[in-house]
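Student: Return atomic coordinates for the entry below.
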Amino acid sequence: MSTDHSAPIQRIKLLKTAPHSCSYLSGKRASTGFVDPDLAIDVDLYARLSENGFRRSGSYIYTPMCGDCSACVSARIPVDLFTQSRSQRRCLKANNDISVTRLKTIDITEHYVVYADYINQRHADGDMYPPAVEQFVDFLGTAWHCTQFLEFRIDNRLIGCAIVDVLPDAVSAIYTYFDPIETRRGLGNFAVLYQIAMAKELALSHVYLGYWIEDCKKMSYKLQYKPIELLQGNTWKLSK
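Tutor: Okay, here's the model as predicted:
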C-alpha cells in the first residue's frame, strides 16, 4: 500500500463491494470502490481524489465502480463563472432572515432531531431510512480536519445544517438536512448558494456537488447551477 501522495491516483488500493441494488436507478446493480481505510489521507490527497471524482461518506472515501453502468457523473460549480438565476435570487431574498454560523462541532442531540425529521418525511424511500443516532454520528456528526458545519438558524432555532469539507481549492458539499416544516424556503437551494458565496469569500475555485445522474429526478437540481462542470472520462467539461 502506497502512502506517497504524489503517486498516481490509480496506484491507490480500492476495496470493492459486492453488487447491490442501486439507490438511484431502478433495476440497476451497483458496486462501490472504497479507498483503503488504512491509507493516511491528508487534505491535499483528499483534494486530488475529489479532482478525480471521489466523494466522502463518513470516514470513507469512495467512487462508483459499476461494471456495466457509468451513469454517476461528478459535478462541480466553477464559482467565478456562476451566475444566479432569477429563482435563485428570490431564494436568497426569501431567506435573508437566516443566520448562518460555521462550526467545527455541533450539538448532536439538537441536530439529530432535525435530521431524523428530515429523513422520515423527505427520504423514507432511501438508504438512510429509518434514521438512527449512531448512523447520524457515523455519517455526518464526526468532523474531519477540514469539515465545517453550516448551521441555519432563525431566532436561534435550528432549522437546518449543511456539512461541507473545505479543500485547498474547493468546497465539497457533503450533505444538507433541514426541518421539513421549512420546505417552502428552498433550504437545499439556499445551502448551495451559500456554499458558492463561501467559496468566493475564501478564494476557492469550485463547489463539488457530488454525482449527477441524468435519469434520476432527485439529481436534476444540480443542473440549475449554471454553468456547471461534469467529469467526462478524466476531463472536467463545462456544460451550460
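Student: Which single strand of this structure contains the most residues?
Tutor: strand 157-167 (DSSP state E).
Student: Tell me the strands beside that one, with direction?
Tutor: When pairing is defined by DSSP bridges, strand 157-167 lines up against strand 147-154 (antiparallel), strand 170-178 (antiparallel).
Student: how does this structure divide up, domain by domain?
Tutor: Following automatic domain parsing, the chain resolves into domains at 9-73, 76-239.
Student: So which residue is dead centre in the chain?
Tutor: Central residue of the chain (CA atoms, centre = their mean): I174, 2.8 Å from the mean position.
Student: looking at it, that residue is touching L167, isn't it?
Tutor: No - assessed by CB atoms under 8 Å, I174 is found out of contact with L167, at 11.6 Å. Just so you know, the C-beta spots here come from the backbone N, C-alpha and C atoms, and that holds for glycine as well.
Student: give the contact list for Q232.
Tutor: V73 (CB atoms under 8 Å, 6 or more residues apart in numbering).
Student: So what's the predicted local confidence for it?
Tutor: Per-residue pLDDT puts Q232 at 95.
Student: hey, what's C161 bridged with?
Tutor: Note on C161: beta-bridge partners by DSSP bridges are E151, Y177.
Student: follow-up on the earlier one: can you give me how far the longest strand of the chain is from the chain middle?
Tutor: Averaging C-alpha positions (CA atoms, centre = their mean, to the nearest Å) puts strand 157-167 11 Å from its chain's average.
Student: mind checking the SS state of P37?
Tutor: Following DSSP: H, G, I helix; E, B strand; the rest coil, we place P37 in the coil state.
Student: Wait, it touches Y62, no?
Tutor: No - the pair P37 / Y62 is not scored as a contact, 10.8 Å apart, by CB under 8 Å.
Student: quick one: which of these two has more around it?
Tutor: Y62 (18 against 10; other CB atoms under 10 Å).
Student: Could you double-check that that one sits in contact with V35?
Tutor: Yes - using CB under 8 Å, Y62 makes contact with V35 at a distance of 7.1 Å.
Student: who touches stretch 61-73?
Tutor: Outside of stretch 61-73, the residues within contact range by CB under 8 Å, 6+ apart are 14, 16, 19, 22, 24-25, 28-35, 41, 46, 49, 52-56, 211-216, 230-232.
Student: With only the CA atoms kept, save it in CSV.
Tutor: The C-alpha coordinates for stretch 61-73 follow below in CSV (Å, rounded to 0.1, in the frame of the first residue of the first chain):
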residue,chain,number,x,y,z
ILE,A,61,-13.7,8.0,0.5
TYR,A,62,-15.4,6.2,-2.3
THR,A,63,-16.2,6.1,-6.1
PRO,A,64,-18.7,4.2,-8.1
MET,A,65,-17.3,1.0,-9.7
CYS,A,66,-20.3,-0.4,-11.6
GLY,A,67,-19.2,-2.7,-14.3
ASP,A,68,-22.0,-2.1,-16.8
CYS,A,69,-23.1,1.5,-15.9
SER,A,70,-21.4,4.9,-15.9
ALA,A,71,-24.4,7.0,-15.1
CYS,A,72,-22.9,8.6,-12.0
VAL,A,73,-21.1,11.8,-13.3
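Student: Would you mark the buried spots in that stretch?
Tutor: 61-64, 66, 71-73 (16 or more other CB atoms under 10 Å).
Student: before we move on, what about stretch 178-197?
Tutor: 178-179, 182, 185-197.
Student: Just the ones of these in strands?
Tutor: Using DSSP E, those in strands are F178.
Student: ok so, going back, and the residue nearest to the centre of the chain, what is it in contact with?
Tutor: 56, 140, 147, 163-165.
Student: Which strands and helices lie in contact with the lowest-mean-pLDDT helix or strand in the chain?
Tutor: Least confident helix or strand, the chain: strand 20-21 with a mean of 90, by mean pLDDT, DSSP states H and E. With contacts defined as 3 or more CB pairs under 8 Å, 6 or more residues apart in numbering; DSSP states H and E, strand 20-21 has these neighbours: strand 29-30.
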